[in-house]
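J.: what's the 3D shape of this:
(one chain, ligands or ions: 1)
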Amino acid sequence: MTDPEALPSPAGWICTVCGAGVPPGDGQSGPGSCVACGADPQAIEIAAAILLVAGRGAYEDLSKLLAGDDAPKGRILDLTGDAALSRMLERAAGYRAGRIVRQAAGDTGTTPAGPFRLPVEDATATFDHLLLRNLLFCAEDPWAVVDEIARRLAPRGTFVLQEIFPWPIPAITAESPPGEDGVARTRPVSGGVRYPLRFEIGADVIDRFASWGVMAEFYRPGLALDPAYRRAVLVGERS
Ligand SMILES: [Zn+2]
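T.: Predicted coordinates for the structure are as follows:
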């Protein structure tokens, strides 16, 4: 049982990666990072989504999920590149981390290049848990990304895709118009890198997943705690 004395102030969060208290932010940028495990707000958000889809919402944080009876047992492919998340999830036997090779905005080339494929050697391999970040808005063909994610999910397999979605989420996915200066827009991701903003992703991605037998939805774990929260995570499970 959690010691009430150990809880952070109401403006802070419990770290969904390790369970430590996360100090409140400065009121402008939301909560800070976890001093215990280094998880930043993005990692805390994606961990909350994992707790929902892999832990059925019954666990406080990933360390408890991984130590419990419901610890993910199958193949976990983590393509988020998130170090704090990786340090925790390595406790799961079936965990592996990978990287999607792509180029930042301003480089020539595509993001990712060509038809989208997960970076695994076996083109038919499927996974029980897929963790993904920043894929749809910058893809040349977001539908190809959706199809590849769906194709790679084992029966009952789950995915979590984290990126900045428009809010409110439009009904229809549409190409992102250039900025007022006519220059193609970009979106900052971690580490000061920017990716091309090619698409404003809409709720019709849910229908595309459904056509594969994957029930997907937008999940907004921080909404109740942060009135300025505007992010969303896309989560889903194959039937
Ligand atoms: Zn933590």
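
J.: Tell me the residues of the protein that contact the ion?
T.: Proximity of the chain to the ion (C-beta under 5 Å from the ion) is limited to residues 15, 17-18, 20, 34, 36-37, 39. Heads up, the C-betas are built off the backbone N, CA and C, glycines and all.

J.: if you set the cut-off to 8 Å instead, what comes out?
T.: By the rule C-beta under 8 Å from the ion, the part of the chain lying against the ion is 15-20, 22, 34-39, 44, 61, 84.

J.: Which members of the residues you listed are classed as buried?
T.: Buried members of the residues of the chain next to the ion, scored by 16 or more other C-beta atoms under 10 Å, are 15-20, 22, 34, 37-39, 44, 61, 84.

J.: Narrow the residues of the chain next to the ion to those in strands?
T.: V22 (DSSP state E).

J.: where's the dip in pLDDT among the residues of the chain next to the ion?
T.: Minimum pLDDT across the residues of the chain next to the ion is recorded for V22, with 79.

J.: ok, which stretches of this protein are helices?
T.: Here the chain has its helices, by DSSP state H, at 41-53, 62-67, 83-89, 142-151, 204-211.

J.: Out of those helices, which one sits most buried?
T.: Ranked by mean neighbour count, the helices of the chain are led by helix 41-53 with a mean of 24 (mean count of other C-beta atoms under 10 Å).

J.: contact partners of that one?
T.: Residues from elsewhere that reach helix 41-53 (C-beta atoms under 8 Å, 6 or more residues apart in numbering): 13, 15-17, 22, 30-34, 39, 57, 59-62, 65, 80, 82, 84-85, 88, 129, 131, 133, 158-160, 162, 190, 219, 221-222, 231, 233, 235-237.

J.: cool, and stretch 204-223?
T.: 13, 16, 30, 41, 45, 48-49, 52, 136, 142-143, 146-147, 149-151, 153, 159, 165, 169, 171-173, 203, 229, 231-239.

J.: try 7 Å this time
T.: For stretch 204-223, the surrounding residues in contact (C-beta atoms under 7 Å, 6 or more residues apart in numbering) are 45, 48-49, 52, 143, 146, 150, 153, 165, 169, 171-173, 229, 231-239.

J.: repeat for stretch 137-154
T.: By C-beta under 7 Å, 6+ apart, stretch 137-154 touches 74, 110-112, 115-118, 126-128, 130, 132, 135-136, 159, 163, 173, 187, 195-199, 201, 205, 208-209, 212, 214, 238.

J.: among those residues, which ones are buried?
T.: Neighbour counting by 16+ other C-beta under 10 Å classes 74, 110-112, 116, 118, 126-128, 130, 132, 135-136, 159, 163, 173, 187, 195-199, 201, 205, 208-209, 212, 214, 238 among the contacts of stretch 137-154 as buried.

J.: In strands, which of the residues you listed appear?
T.: Using DSSP E, the members of the buried ones among the contacts of stretch 137-154 that fall within strands are 127-128, 130, 132, 159, 163, 187, 195-196, 199, 214, 238.
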